[in-house]
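Engineer: Give me the fold of what follows.
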Amino acid sequence: DRSASMGCCYSTRLDEYAIDNFKLPESINSNEKKRRDQLLDVLHHPQLAILFREYMRTNLCLESFNFYFDTEQYRMIKDQEQRLTRAQELFEKYFNPNSDSEINLEREIYNSILEDVKNPTEKTFDIAQQLVLVSIESTCLHSFFTWPLFSDFVSNPTIRRVFLNGVPRTKSFTQLEQFLQN
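Structural biologist: Numbering: from 1, shown residues only. Just a heads-up that it's a prediction; the model follows:
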């Protein structure tokens, strides 16, 4: 069942979000808006995005992080043939029940995207992307801000300097943590 919870980042309900015209609820309060702004700030900050990706990986939510960025890149495709190919790849990667990267959304959303993938537009994955963002911001963002490595990033000049200079791609986060402890 696609509506079952999986990992830390899934709690979407179709009745709260219309398939055909997704909008944030009219009653959105400033805290919810602030969380969305914070999440987008993290996702679009080069060093924080790396740190958040690691957080999502350690909490078994990496597919949500990857889906967001894959759909952002997909949206930029202008050639219809390339868009069709990429839409099918994304559908297979994120909506196939046998995929290791399956995101968990309501059946109605799945069916809608399945139809859209046959003749995709730049908005084919918008609803799914927004639902994933809502789920991440409501279930993962606060715990990321209390994650020890994030706290270290904020408070430790050495860690901050490493991130601001770029994390060496050859180092894993475990190696980075070990390096910083020495």
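Engineer: make it CA atoms for all contacts and neighbour counts henceforth
Structural biologist: Noted.
Engineer: ok, how many other residues are close to residue 45?
Structural biologist: If you count neighbours by other CA atoms under 10 Å, residue 45 ends up with 13.
Engineer: Could you measure from residue 114 over to residue 98?
Structural biologist: Applying CA to CA, to the nearest Å, the value for residue 114 to residue 98 is 16 Å.
Engineer: ok, those two, which is more surrounded?
Structural biologist: Set side by side, residue 114 and residue 98 show more neighbours around residue 114, with 17 against 10, by other CA under 10 Å.
Engineer: which residue sits closest to the more buried one in space, ignoring its chain neighbours?
Structural biologist: Nearest non-adjacent residue to residue 114, counting by CA to CA, 6 or more residues apart in numbering: residue 91, 7.6 Å away.
Engineer: How about residue 92?
Structural biologist: Nearest to residue 92 is residue 99, by CA to CA, 6+ apart, at 7.3 Å.
Engineer: Which parts of the protein are helices?
Structural biologist: 30-43, 46-58, 62-75, 80-95, 107-116, 126-139, 141-145, 148-155, 157-164, 173-181 (DSSP state H).
Engineer: Return the most buried member of those.
Structural biologist: helix 126-139 (a mean of 20; mean count of other CA atoms under 10 Å).
Engineer: now it against helix 62-75, angle please.
Structural biologist: Going by axes from the mean of the first three to the mean of the last three CA atoms, to 10 degrees, helix 126-139 is angled at 140 degrees with respect to helix 62-75.
Engineer: what's the angle between helix 126-139 and helix 107-116?
Structural biologist: Counting by the same axes, to 10 degrees, helix 126-139 lies at 140 degrees to helix 107-116.
Engineer: which stretches of the protein have low pLDDT?
Structural biologist: 1-33, 159-182 (pLDDT under 70).
Engineer: Wait, the residue nearest to residue 92 touches residue 90, no?
Structural biologist: No. When contacts are counted by CA atoms under 8 Å, residue 99 is not listed as touching residue 90 (10.8 Å).
Engineer: ok, residue 122 to residue 87 distance?
Structural biologist: 9 Å.
Engineer: what sits in contact with each of the two?
Structural biologist: residue 74 (CA atoms under 8 Å, 6 or more residues apart in numbering).
Engineer: related to what we said a few turns ago, burial count for the residue nearest to residue 92?
Structural biologist: What residue 99 shows, counting by other CA under 10 Å, is a neighbour count of 12.
Engineer: repeat for the one 3 residues further on
Structural biologist: Residue 102 sits with 20 neighbouring residues when counted by other CA under 10 Å.
Engineer: what sits against it?
Structural biologist: 63, 93-96.
Engineer: Which one of those residues is nearest to residue 136?
Structural biologist: residue 63 (11.1 Å; CA to CA).
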